[in-house]
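S.K.: Build the 3D model from these lines:
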Amino acid sequence: MKKKYHKETFDNIPEEKRLRLIETTIRVMGRKGISNAKIEDIAREMGVSYGSIYSYFATKEDLAHTIITMGIEIQRKTFAQPVEHRDTFPHIEAVLERSLKLGREQPELICLWHEMSLPYNAQYAEHTSELFRLGVIEWKSILKKGIAGGDIRADIDIDAAAFMLNAMASQLLRYNMSEFQKKKHDVHFSQSPEDPIPALMAELKKMLA
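M.R.: Residues are numbered from 1 along each chain as shown. Predicted coordinates:
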């Protein structure tokens, strides 16, 4: 049974309020960092009493863990194969496009996930490692299906190829995380910094097909 980090009272409030609390937490923690963000900051931005938030979560850490748990569902949707595309490379392209879109739409969430992986946030390590592990499993599954279907060469090293694809997706997630990250992509993709995916896909096909 999946562990819950929230109290039962959180399940009993309207979905709109649950989402608003999570989205506000992501914004505040993404801007301030987990250690600097306070429940009071989240309550103030949301326009509620901080006591009401404690009625749903025992600690700030439990609130952060809930956000990681949400990440597994987000990741599942990111890797889902588009119904209209049964071939491997359109599937890979869809995952990369969704990664770029998520990073563009929710930069604070990406900042938060990144911070949870750092040494001083070791209490989140096991949870974030699981998120990473599941992503690698998904990439390997896509590659194996591609080999079985003849879209991808049978002689590739699946571990190395999955590492490469995971690194690409991770960097695309961070694409809009900060001005520094945006400048990095200006250096890599001077001709098309806003949409590097066509260039990435062209090279991937050369390497894997």
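S.K.: what about the helices in the chain?
M.R.: Remark: helices assigned in the chain by DSSP state H are 8-11, 15-32, 39-46, 50-54, 60-79, 88-105, 107-116, 125-148, 158-173, 179-188, 197-208.
S.K.: mean pLDDT lowest for which of those?
M.R.: In terms of mean pLDDT, the lowest-scoring of these is helix 179-188 (a mean of 77).
S.K.: what does that helix contact?
M.R.: Outside helix 179-188, the residues that touch it by Cβ atoms under 8 Å, 6 or more residues apart in numbering are 174-176, 193, 196. Placement of C-beta: from N, CA and C, glycine included.
S.K.: Just the buried positions in that helix, please.
M.R.: Within helix 179-188, the residues that count as buried by 16 or more other Cβ atoms under 10 Å are 181, 185.
S.K.: again with stretch 98-110
M.R.: Result for stretch 98-110 [16+ other Cβ under 10 Å]: buried residues 98-100, 102-103, 106-110.
S.K.: now do stretch 194-209
M.R.: 196-197, 200-201, 204, 208.
S.K.: What lies in contact with that stretch?
M.R.: Counting by Cβ under 8 Å, 6+ apart, 89, 92-93, 96-97, 100, 143, 146, 151-153, 156, 161, 165, 168, 172, 185, 188-189, 191-192 sit against stretch 194-209.
S.K.: Return a ChimeraX selection command for the buried portion of those.
M.R.: In ChimeraX syntax, the buried subset of the contacts of stretch 194-209 is picked out as below (16+ other Cβ under 10 Å):
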select :89,92,93,96,97,100,143,146,151,152,156,161,165,168,172,185,189
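S.K.: Show me the two of the buried residues of stretch 98-110 that sit farthest apart.
M.R.: Farthest pair in the buried residues of stretch 98-110 (Cβ to Cβ) is R98 and E108. Separation: 17.8 Å.
S.K.: Contact partners for R18?
M.R.: Going by Cβ under 8 Å, 6+ apart, the list of residues near R18 reads F10.
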